[in-house]
Each structure stands twice: as C-alpha cells, then as structure tokens.
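Colleague: model the following, please.
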Amino acid sequence: MNEAILENPQSARVRRAAALVRKKDRRQQGRFLVEGPQAVRELLAYRPELVETVFATMGTEPWQHEIDRLASDGGAALERVTPQVLAAIAETVHPQGVVAVARSWETPLAAASAGARLIAIMYEVRDPGNAGAVLRAADAAGADLVVFAGESIDPFHPKVVRSTTGSLFHLPVAVASSLAEAAGAARDAGLAVLAADVRGEDLLAARNAGALGGPVAWVFGNEARGLTESDRALADRSVRLPIYGAAESLNLATAASVLLYETAFAQRG
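Modeller: Numbering: from 1, shown residues only. The predicted structure follows:
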C-alpha cells in the first residue's frame with residue numbers, strides 16, 4: 001500500500017481514472033470502474049487478476065480491513081485518497097469510500113457457450129439498471145453465461161457494474177454483435193433458444209411440454225420494443241409469462257428473473 005494520501009483531484013492519475021465513466025475511454029484504456037464496497041470486494045475475491053488500483057478513503061468502516069487484506073493478497077495497488085479525490089473519480093454523486101480500476105476482458109462466445117445449460121441473452125437492452133438486474137438474476141439462478149447482444153448497453157458501464165452488486169465477476173459475460181450471433185452460438189452448443197415474448201405460448205404449457213428441462217438460452221429483448229418478428233424467428237420457440245392479476249405488464253428484470261428461475265427449477269427437477 002502507498003502510505004501517502006492522494007490529495008489532488010486534478011492530478012493526471014485521477015483524471016485518467018475519472019475518464020472511465022465514458023465508453024470511448026473505457027475502450028481506449030481497456031479499463032473500467034468498480035464502485036462501492038460490495039462490488040469491489042467481489043472483484044478482489046473472484047477476479048483479483050483484473051484489479052489495477054483500489055482507491056479508498058481512510059476510515060473505520062466494517063469493510064475496510066477486508067478490502068485492504070484482499071487487495072494485499074491479490075497484489076493490487078491500494079491508494080489512500082481524500083474524499084474529494086474519490087468524488088472526482090467516481091460516477092456516483094456520493095461514493096461509498098472505495099473505487100477500483102480494473103482491466104476489462106473479452107469472453108469468447110463460442111467457448112463460453114460450450115457445455116452451458118443456462119444462458120441469458122440480452123438483446124438491445126439499454127437501461128443499465130435492468131441489464132445489471134438481469135445479470136444478477138442469472139447469477140443467482142446458476143446461469144453459465146450472460147450475453148450482451150446487438151446495441152445493448154456496455155457491460156462495463158459504471159451503472160451496470162454497480163447494479164450487478166458483484167455478480168459481473170461470478171460468471172462469464174460475453175458480447176455478441178447481433179442476436180443471430182448469440183443465438184447461433186447457443187444453438188451450436190446444443191441449447192434450445194427460447195424468446196421471452198408476450199405473443200409466445202404460455203409458460204406453463206412450455207414447462208409441461210418439457211421445454212425448460214434441457215439446456216436453454218433465453219433471449220430478452222429491448223425494454224420498450226421487445227422482439228420483432230424476425231428476432232423471434234431466430235428462436236426455437238417464444239414463451240410468455242402469464243399475468244393473472246390486473247398489472248399491465250412486468251418489467252424486464254422481473255420477467256427475466258422468473259423465467260431464469262423456472263428454468264433452473266425444471267433443470268434440477
């Protein structure tokens with residue numbers, strides 16, 4: 001650990017880290033920001049090889065000792081900074097005392113799909129909170145891979161990273177240029193491709209037909225537009241989540257959570 005406290009919010013090192021809130025700078029540097037004790041702890045615990053620098057304020061928070069230890073064990077640079085420096089780096093208005101800079105990575109889609117039994121494909125998903133929540137649900141349901149396809153939001157966007165609460169570091173995450181590429185990789189790996197769509201067959205009918213018990217890749221479309229007819233044609237079948245009450249619809253993350261867990265239950269049944 002560097003014993004000196006970094007105090008200048010305008011220093012080149014601080015500006016370089018702060019630039020990672022922008023997608024073009026993340027791509028140029030091959031780095032991204034991880035904010036908050038929970039996400040940084042999971043990064044250090046599960047993917048320590050990615051960590052470049054941990055910036056943390058001095059304090060007596062319960063997480064401080066554990067993050068210091070994990071950074072030391074993983075060989076990450078640990079920098080003490082003032083609250084002003086941390087605020088200059090972080091994307092959030094009120095950072096929680098720690099921000100890490102980590103190296104981004106690329107997961108080969110075909111290799112990650114091989115042997116998978118449950119894959120979540122997000123296609124044209126733009127909202128970072130939704131994307132992070134779906135990734136977190138996929139992690140909780142035991143998925144083997146999450147794919148960001150088409151013009152979906154960057155998985156290393158600070159809001160996406162934060163909303164996954166560390167799940168980004170628990171399972172492979174890949175990027176596909178199109179839905180055809182993502183669905184094709186899943187199908188080549190032996191998975192059935194199911195599109196979540198309000199025009200599909202009822203989930204109970206699909207479950208009773210045994211559609212969920214084998215290896216499955218779920219496709220979740222854009223929050224506002226859903227999936228087009230040509231998108232649905234890339235799937236083996238379309239399935240809708242029934243609504244029994246008066247709600248007009250479910251948001252993407254909630255629907256994805258139910259469908260992923262239904263599949264996890266069927267595969268384990």
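Colleague: give me the element the residue nearest to Val98 when sequence neighbours are not counted is part of.
Modeller: Using CB to CB, 6 or more residues apart in numbering and skipping residues adjacent in sequence, the residue nearest Val98 is Ala56, 4.3 Å away. The way it works is simple: take the backbone N, C-alpha and C, and place the C-beta from them, glycine included. Element membership for Ala56 (DSSP states H and E) is strand 51-57.
Colleague: angle of whichever helix or strand comes after that strand against strand 51-57?
Modeller: The element immediately downstream of strand 51-57 (helix or strand, assigned by DSSP H and E) is helix 64-74. With axes from the mean of the first three to the mean of the last three CA atoms, to 10 degrees as the basis, helix 64-74 and strand 51-57 are set at 160 degrees to each other.
Colleague: helix 64-74 - what's its average pLDDT?
Modeller: Averaging pLDDT along helix 64-74 gives 92.
Colleague: and stretch 191-211, by the same measure?
Modeller: In this model, stretch 191-211 carries a mean pLDDT of 96.
Colleague: just how off-centre is it within its chain?
Modeller: Centroid separation for stretch 191-211 versus its chain: 24 Å, with CA atoms, centre = their mean, to the nearest Å.
Colleague: with only the CA atoms kept, save that stretch in CSV.
Modeller: Output in CSV follows, covering the C-alpha atoms of stretch 191-211 (Å, rounded to 0.1, in the frame of the first residue of the first chain):
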residue,chain,number,x,y,z
LEU,A,191,-29.1,-25.3,-26.2
ALA,A,192,-32.7,-24.6,-27.2
VAL,A,193,-33.2,-20.9,-27.8
LEU,A,194,-36.3,-19.5,-26.2
ALA,A,195,-37.5,-16.0,-26.8
ALA,A,196,-39.4,-14.2,-23.9
ASP,A,197,-42.2,-12.6,-25.7
VAL,A,198,-45.8,-11.6,-24.9
ARG,A,199,-47.0,-13.3,-28.2
GLY,A,200,-45.5,-16.6,-27.3
GLU,A,201,-47.1,-19.7,-25.7
ASP,A,202,-47.9,-19.8,-22.1
LEU,A,203,-45.0,-20.6,-19.8
LEU,A,204,-47.0,-23.4,-18.1
ALA,A,205,-47.6,-25.0,-21.5
ALA,A,206,-43.9,-24.8,-22.3
ARG,A,207,-42.9,-26.2,-19.0
ASN,A,208,-45.4,-29.1,-19.3
ALA,A,209,-44.0,-29.8,-22.7
GLY,A,210,-40.6,-30.2,-21.2
ALA,A,211,-39.1,-27.2,-23.0
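Colleague: average model confidence for the strand holding Ala56?
Modeller: 95.
Colleague: tell me the buried residues in it?
Modeller: Neighbour counts over strand 51-57 (16 or more other CB atoms under 10 Å) mark Val51, Thr53, Val54, Phe55, Ala56, Thr57 as buried.
Colleague: between these, which is nearest Ala18?
Modeller: Phe55 (10.5 Å; CB to CB).
Colleague: that closest one is in contact with Val98, isn't it?
Modeller: Yes: here Phe55 reaches Val98: they are 6.9 Å apart, a contact under CB atoms under 8 Å.
Colleague: give me the common contacts of the two.
Modeller: Taking CB atoms under 8 Å, 6 or more residues apart in numbering as the criterion, Phe55 and Val98 both touch Leu86.
Colleague: now for the residue nearest to Val98: which residues touch it?
Modeller: With contact set as CB under 8 Å, 6+ apart, Ala56 has these partners: Gln64, Ile67, Asp68, Leu78, Glu79, Arg80, Val81, Leu86, Gly97, Val98, Val99.
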